[in-house]
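Asker: My questions concern the predicted model and sequence given below.
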Amino acid sequence: SSGINAEWPLRPGAKDAMKKLNGKLLHDYAVELKLSEKQISKVPETVEKTRNLKEGSAKLLVKNVPFETTKKDLRKLFSAFGDVKHIRLPKKLAGTGDHRGFAFVEYSSLAEARKAFEATGDSTHIYGRRLVVEWAKEDATVAEMREKTAEIFVPTAIEKKKKTLDGIVIT
């Protein structure tokens, strides 16, 4: 199987590594290195259209996060671009431990967030999955959040009129 991928910024460096390491033993396995001819392609147009490219705050939304990824992994990756103020990895259900496959990374400044956004554009991978990095939308005010929640959970006047009696809907 092809287990580990390594990247060298320059092709000659990769060729030197191949000469030195091919055939060597690593944990009782023979090392086999090959040059990849795969080119990093531009993000497909459909993805580009759906990405939120509008700068907002110093907070980024990171999508397609593998489930084995931890906050520590994300902090290590994103701290290379600046001071990470906070990382939030929303959970599926309380007590399950699994996150929902996306995260929020907040930087101390907009300049640091911009640097991370530009650098992680369309070729950043973690645990074999390509991350999709967008600008997070501004946090809603408490009043906006209450209004949005009310739209979902508070029944409308029409719904209040409907009563169910032994499976028969009375209007």
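Answerer: Looks like it arrived, so ask away. Numbering: from 1, shown residues only.

Asker: only C-alpha atoms for contact and neighbour calcs from this point on.
Answerer: Noted.

Asker: Lowest-scoring secondary structure element of the protein by mean pLDDT?
Answerer: Across the helices and strands of the chain, mean pLDDT, DSSP states H and E gives its lowest value to helix 45-50, namely a mean of 46.

Asker: just checking, next helix/strand downstream of it?
Answerer: For helix 45-50, the following helix or strand on the C-terminal side (DSSP states H and E) is strand 59-63.

Asker: Strand partners (parallel or antiparallel) of that following strand?
Answerer: Sheet pairing of strand 59-63 (DSSP bridges) gives strand 102-107 (antiparallel), strand 132-135 (antiparallel).

Asker: Report all helices and strands that the next helix-or-strand element following it contacts.
Answerer: Per DSSP H and E, the first helix or strand lying C-terminal to strand 59-63 is helix 71-78. Contact analysis of helix 71-78 by 3 or more C-alpha pairs under 8 Å, 6 or more residues apart in numbering; DSSP states H and E lists strand 84-88 as its packing neighbours.

Asker: Pull the residues that contact the strand it packs on.
Answerer: 71, 74-75, 78, 103-108 (C-alpha atoms under 8 Å, 6 or more residues apart in numbering).

Asker: where does the protein dip in pLDDT?
Answerer: 1-12, 35-54, 94-97, 139-142, 145, 154-171 (pLDDT under 70).

Asker: Just the buried residues of stretch 69-80, please?
Answerer: Of the residues in stretch 69-80, those buried by neighbour count under the rule 16 or more other C-alpha atoms under 10 Å are 69, 74-75, 78.

Asker: Convert the C-alpha atoms of that stretch to PDB, please.
Answerer: These are the backbone C-alpha positions of stretch 69-80, laid out as PDB (Å, rounded to 0.1, in the frame of the first residue of the first chain):
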ATOM      1  CA  THR A  69      -8.600  15.300  13.700                       C
ATOM      2  CA  THR A  70      -8.200  17.000  17.100                       C
ATOM      3  CA  LYS A  71      -8.000  20.600  18.100                       C
ATOM      4  CA  LYS A  72      -4.300  20.000  18.700                       C
ATOM      5  CA  ASP A  73      -3.900  18.900  15.100                       C
ATOM      6  CA  LEU A  74      -5.700  22.000  13.800                       C
ATOM      7  CA  ARG A  75      -3.700  24.300  16.100                       C
ATOM      8  CA  LYS A  76      -0.400  22.900  14.900                       C
ATOM      9  CA  LEU A  77      -1.500  23.300  11.200                       C
ATOM     10  CA  PHE A  78      -2.900  26.800  11.500                       C
ATOM     11  CA  SER A  79      -0.500  28.300  14.100                       C
ATOM     12  CA  ALA A  80       2.100  28.400  11.300                       C
END
